[in-house]
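Chemist: give me the fold of what follows.
(chains A and B)
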Amino acid sequence: MDDEYDVIVVGAGFGGPVAAKKCAEAGLRTLMLERGARVGEKVISGLTIPFYGFLFGPAFIRDGNPPIERPADGIINYIVKDIATGDIEIDDTLKIPKPLSPVLAFGYNAYCQPFCEWEADRAVESGVELRTSTVAVDVIREDGFITGILTDGGEHISSKVVIDGEGCQGLLAIKAGIREKYPPDAISLADCYDYEMSKADVDRIFGHTLRFCWGWDEQRVAPPLGFGNGLMVWPYRNSLHFIQDQSLETGSGKVPSLKDFDEYHRNITGGLPWWREEVAPHIRLRARMWDGFEIFVGLDERARKMPNHTDGMLLIGDAAGLESTELCDGVPAAWFSADIAADVTIEAIRAGDTSATFLKRYDERIKAHPIIQWSISRTNRHDLRYAQQNHDIKLLRKLVHNGWGLGGFTHMSTPLLRTVLDSIADEPAIVAAWIRMFPRYYYNWLHERYDGEASSRRRPRKVQTLGHRAFGKSLELLDGGLARFASPLRKAAAFLAPASAAANPVMKVILPVMEPVYLAVIRFLEPLTDPLSRKLVSFVSRADPAMFDNPPAKGK
Amino acid sequence: MARTSEEFPGVEWVQGAGNFITIDKDKCDACARCVKVCLGGCYEIADKKARIKSLAECMECAACWFVCTRGAVDFSWPPGGKGYRSSWG
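Modeler: Numbers count the residues shown, from 1 in each chain, chains lettered A, B, ... in the order given. Modelled structure (predicted):
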């Protein structure tokens, strides 16, 4: 053996640094291996990281200042029935209402490279040893236990536990005998275009709104429906990400020709009026790249049942098949699973037992995580195929609404409410951290304020108005109240948590009635809420950002 | 040393990646699934077998490996620090 660690984390993507940082903070000697020369340079995705990843994920991300490209406050869905005649329906029901928007966002758009690098830098600050340009080519096995990693440089590195965050290809997990290659219909290939666009044009044309597109096959504007397809546009700070994705097998063993992506891209950019007339004149192609992700692993019974751990090894994120089947966003699950894997690793090493029997608690906690289980098991996107096959516009409308419109609340309310209550039961002070996160992230986005060297040095003049003082004082009072009433709040949240099971059924009953009323009210109030929203943006922009930082932790 | 491509801007390929994808000709039945899913145009069919023309524009997605039902495609990562890289993913 050349070297010896408590923990080796394979891969410095979104999940790896989270696990590595937590292990190092617990005093474990931790090594993180990354095959790229620079962290994040091999990670490709169009990316809105949903708010629940930040709220309920690792504290250092929620309470820190990661590099954000743009807060996202809504989705406009284009349902293309006939692009030639312009027969296009729109579902734009999912939007954060003003004046809360855009300071309050449902997600944050980000480039993978700087975000992963930001995470890895935080891990290194906590004592993690990072080795880039290093591939973990195989595991080392002794008496059935995984006891380390063999690198492409021929180095044997030993560890008590390996945390594998390699990604959806899962080569190391296959070599370790834990998993098999995923079936091609569970894998989607994302074809990603990055366009430069001035910030003023992104602000004017997109604001903070994502654009998704759905259509019949013969329109050839988006890959065939229902097989992991989609066509999505993310507005960034001064650029756009355009993604179309397609499963590698589309039923009856048929493999699509992915060269068709070129045609879809041409048809949508030339045929869809908003792109052709409003967007195209203002953009310049900067990059085109692609990667696969395991979108439907959660729906494949055999793949879902593959183990996520063995003696001395745990799998996290995409390596554990935790991609969201519906939102095709694996970052929250990567963060949650990395956090859990670190907890279990720390417990195992302290107990001196890294056997699969001990590590099974990782699997149990993953299966008990309401958001992970919801996100890897929803069939909404997969079911689009039936709407497509039957040209059933009513069903298509419903599925789009349930996936990327307000209808999402008929199935996401229970897991989100459950996680809110579980988090409060664990630590009530988190409520103040949630409230501070949104204005801090918005401030950071406006002024390019990040932890680390990438941060812009330009800052606006701080203004302390009566409003700022009142807001700051309110947060202090909230901190005090949460601390003072922590015990009853914990008990109340734990008592109410089981009742969260009723949230989805209740939403199913009330949403059909509430939705039109809600949408009418927010439209009616726009003349009032628009200026208020601008005032809120100005308030956050000129604040002293220190007021959005959490008070130093006093420990539980 | 890094190379760029006109067809796929914004990506660099660091030289020295080597033959990290190989084809077992005995197992290949020339079904061309690998050819169909490769956006980088790395594959062709020659003499009734799949053949790797070049990995110069390979983005290491492993689509070819996922779709190969006969186990003819062997996929591994390029050596550390080699192969594609991008700041825009």
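Chemist: now chain B against chain A: closest residue?
Modeler: Of all residues in chain B, residue B:10 sits closest to chain A, at 2.2 Å by CB to the nearest CB. In short, each C-beta sits where N, CA and C put it, glycine included.
Chemist: quick check: that residue is in a helix.
Modeler: No. The assignment for residue B:10 (DSSP: H, G, I helix; E, B strand; the rest coil) gives coil, which keeps it out of a helix.
Chemist: pLDDT-wise, which helix or strand of chain B ranks last?
Modeler: Ranked by mean pLDDT, DSSP states H and E, the weakest helix or strand in chain B is strand B:2-3, scoring a mean of 92.
Chemist: how far does it sit from its chain's centre?
Modeler: 16 Å (CA atoms, centre = their mean, to the nearest Å).
Chemist: give the pairing partners of that strand; include direction for each.
Modeler: When pairs are called by DSSP bridges, strand B:2-3 turns out to pair with strand B:12-14 (antiparallel).
Chemist: could you list the residues in contact with the partner strand?
Modeler: Contacts to strand B:12-14, defined as CB atoms under 8 Å, 6 or more residues apart in numbering or on different chains, come from residues A:37, B:1-5, B:56-57, B:81-86.
Chemist: what's near enough to touch the residue of chain B closest to chain A?
Modeler: Contacts were defined as CB under 8 Å, 6+ apart; by that measure residue B:10 touches A:194, A:286-289, B:86-88.
Chemist: go with 10 Å
Modeler: A:192-194, A:196, A:285-289, B:4, B:86-89 (CB atoms under 10 Å, 6 or more residues apart in numbering or on different chains).
Chemist: which residues are in contact with the closest residue to it other than its chain neighbours?
Modeler: For residue B:10, ignoring the flanking residues on the chain, the nearest one in space by CB to CB, 6 or more residues apart in numbering or on different chains is residue A:287 at 2.2 Å. Under the criterion of CB under 10 Å, 6+ apart, the neighbours of residue A:287 are A:44, A:192-196, A:239, A:241, B:8-11, B:86-89.
Chemist: can you check residue A:377 too?
Modeler: Residue A:377 sits next to A:298-299, A:304, A:324-326 when contact means CB under 10 Å, 6+ apart.
Chemist: thinking again about what came up before, filter the contacts of residue B:10 down to the buried ones, PyMOL style.
Modeler: This is the PyMOL syntax for the buried subset of the contacts of residue B:10, where burial follows 16 or more other CB atoms under 10 Å in any protein chain shown:
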select buried, (chain A and resi 192+193+194+196+286+287+288+289) or (chain B and resi 86+87+88+89)
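Chemist: quick check, nearest of the contacts of residue B:10 to residue A:245?
Modeler: The shortest approach to residue A:245 among the contacts of residue B:10 belongs to residue A:192, at 8.8 Å (CB to CB).
Chemist: how close does residue A:509 sit to residue A:141?
Modeler: Separation of residue A:509 from residue A:141 (CB to CB, to the nearest Å): 54 Å.
Chemist: and for residue A:363?
Modeler: Distance of residue A:363 to residue A:141, given as CB to CB: 20 Å.
Chemist: now swap in residue A:382 and tell me
Modeler: Distance of residue A:382 to residue A:141, computed by CB to CB: 37 Å.
Chemist: ok, residue A:509 and residue A:141, which is more surrounded?
Modeler: residue A:141 (17 against 10; other CB atoms under 10 Å in any protein chain shown).
Chemist: in which helix or strand would I find that one?
Modeler: Assigned by DSSP states H and E, residue A:141 falls within strand A:136-142.
Chemist: partners of that strand, with directions?
Modeler: Strand A:136-142 is paired, per DSSP bridges, with strand A:145-151 (antiparallel).
Chemist: could you check the pLDDT of residue A:555?
Modeler: Model confidence at residue A:555, expressed as pLDDT, equals 47.
Chemist: count of residues packed around the closest residue to residue B:38 other than its chain neighbours?
Modeler: Distances taken as CB to CB, 6+ apart place residue B:64 nearest to residue B:38, at 5.6 Å, with adjacent residues excluded. One way to gauge burial is a neighbour count; for residue B:64, by other CB under 10 Å, it gives 25.
Chemist: please identify which helix or strand holds whichever residue of the stretch 201-350 of chain A sits closest to chain B.
Modeler: Using CB to the nearest CB, residue A:287 is the residue of the stretch 201-350 of chain A that sits closest to chain B, at 2.2 Å. In the assignment (DSSP H and E), residue A:287 maps to strand A:284-293.
Chemist: pull the distance from stretch A:178-193 to the chain's centre.
Modeler: In this view, stretch A:178-193 has its centroid 18 Å away from the chain centroid, taken as CA atoms, centre = their mean.
Chemist: in it, which residues are buried?
Modeler: Under the neighbour-count criterion of 16+ other CB under 10 Å, stretch A:178-193 has A:178-179, A:181-193 buried.
Chemist: dump the C-alpha coordinates for it into PDB.
Modeler: The C-alpha coordinates for stretch A:178-193 follow below in PDB (Å, rounded to 0.1, in the frame of the first residue of the first chain):
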ATOM      1  CA  ILE A 178     -22.400  -3.900  -6.500                       C
ATOM      2  CA  ARG A 179     -24.300  -3.000  -9.600                       C
ATOM      3  CA  GLU A 180     -24.700  -3.700 -13.300                       C
ATOM      4  CA  LYS A 181     -24.800  -1.500 -16.300                       C
ATOM      5  CA  TYR A 182     -28.100   0.300 -16.500                       C
ATOM      6  CA  PRO A 183     -30.500  -0.600 -19.300                       C
ATOM      7  CA  PRO A 184     -30.400   2.000 -22.200                       C
ATOM      8  CA  ASP A 185     -34.000   3.000 -21.800                       C
ATOM      9  CA  ALA A 186     -33.200   4.300 -18.300                       C
ATOM     10  CA  ILE A 187     -30.500   6.500 -19.700                       C
ATOM     11  CA  SER A 188     -31.100   9.800 -21.300                       C
ATOM     12  CA  LEU A 189     -28.600  11.700 -23.400                       C
ATOM     13  CA  ALA A 190     -28.700  15.500 -22.900                       C
ATOM     14  CA  ASP A 191     -27.500  17.600 -25.800                       C
ATOM     15  CA  CYS A 192     -26.600  21.000 -24.400                       C
ATOM     16  CA  TYR A 193     -26.000  24.300 -26.200                       C
END
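Chemist: show the average pLDDT along that stretch.
Modeler: Stretch A:178-193 carries an average pLDDT of 93.
Chemist: list the contacts for residue 29?
Modeler: No chain specified, so I'll use chain A. A:3-8, A:23, A:127-129, A:159-160.
Chemist: hmm, I had chain B in mind actually
Modeler: Applying CB under 10 Å, 6+ apart, the residues near residue B:29 are B:48-50, B:68-70, B:72.
Chemist: farthest pair within those residues?
Modeler: The largest distance within the contacts of residue B:29, taken as CB to CB, falls between B:48 and B:69 and amounts to 16.9 Å.
Chemist: residue boundaries of the helices in the stretch 151-300 of chain A?
Modeler: When secondary structure is read from DSSP state H, counting those that start in this stretch, the stretch 151-300 of chain A shows helices at A:171-175, A:199-205, A:260-271, A:273.
Chemist: what's the most buried one of the ones you listed?
Modeler: Highest mean neighbour count among the helices of the stretch 151-300 of chain A (mean count of other CB atoms under 10 Å in any protein chain shown): helix A:171-175, with a mean of 21.
Chemist: and the contacts of that helix?
Modeler: Outside helix A:171-175, the residues that reach it (CB under 10 Å, 6+ apart) are A:10-11, A:135-139, A:141, A:146, A:149-150, A:162, A:164-166, A:178-181, A:306-310, A:313, A:315, A:319-321, B:62, B:65, B:75-77.
Chemist: could you pull out the strands for chain B?
Modeler: Counting by DSSP state E, residue ranges of the strands within chain B are B:2-3, B:12-14, B:21-23, B:43-46, B:49-52, B:73-75, B:83-85.
Chemist: can you tell me which of the ones you listed is most buried?
Modeler: strand B:83-85 (a mean of 24).
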